[in-house]
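Student: Below is the sequence, then the predicted model.
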Amino acid sequence: MLVTLILQGITMIKVEKSDPFSSESHRLIEMLSAELAAITGDNGKSNFTTQAMGDDKALWALAKNSQGKAVGCGAIRPFTQKYSRA
């Protein structure tokens, strides 16, 4: 577990290291792509692929609600030798 958000004693969101190739991750990535396409006309898939997460310095995380459903995702991946990109 990376982070747990607790509000008034109730766990609201847990952020966990996860598999970018999981069905939960795929569902969220596809939802994001659809939203980006609707807003900007570009689905963003040219800027990110799950294969980019193969680097051992990359991190993929899922945010899950109190029922354990994935409601968000994010990546931290190498950008240069000194910097990462979120």
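Tutor: Thanks, I have it.
Student: Next, the residues that contact the helix or strand of the chain with the lowest mean pLDDT from outside, please.
Tutor: Using mean pLDDT, DSSP states H and E, strand 84-85 stands out as the lowest-scoring helix or strand of the chain, at a mean of 71. The contact list for strand 84-85, computed with Cβ atoms under 8 Å, 6 or more residues apart in numbering, reads 57, 76, 77, 78, 79. Where you see a C-beta, it was placed from the backbone N, CA and C, and this is true even at glycine.
Student: ok, now stretch 25-36?
Tutor: 18, 19, 42, 43, 44, 45, 50, 60, 62, 70, 72, 73.
Student: Of these, just the buried ones, PyMOL syntax please.
Tutor: In PyMOL syntax, the buried subset of the contacts of stretch 25-36 is picked out as below (16 or more other Cβ atoms under 10 Å):
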select buried, resi 18+43+60+62+70+73
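Student: and of the contacts of stretch 25-36, the nearest to residue 4?
Tutor: residue 62 (13.2 Å; Cβ to Cβ).
Student: which of the contacts of stretch 25-36 has the weakest pLDDT?
Tutor: Ranked by pLDDT, the contacts of stretch 25-36 bottom out at residue 50, which scores 80.
Student: give the contact list for that one.
Tutor: Contacts of residue 50 (Cβ under 8 Å, 6+ apart): 20, 21, 25, 29, 60.
Student: List the backbone torsions phi and psi for the first one.
Tutor: According to degrees, to the nearest 10, the main-chain angles of residue 20 amount to phi -70, psi -10.
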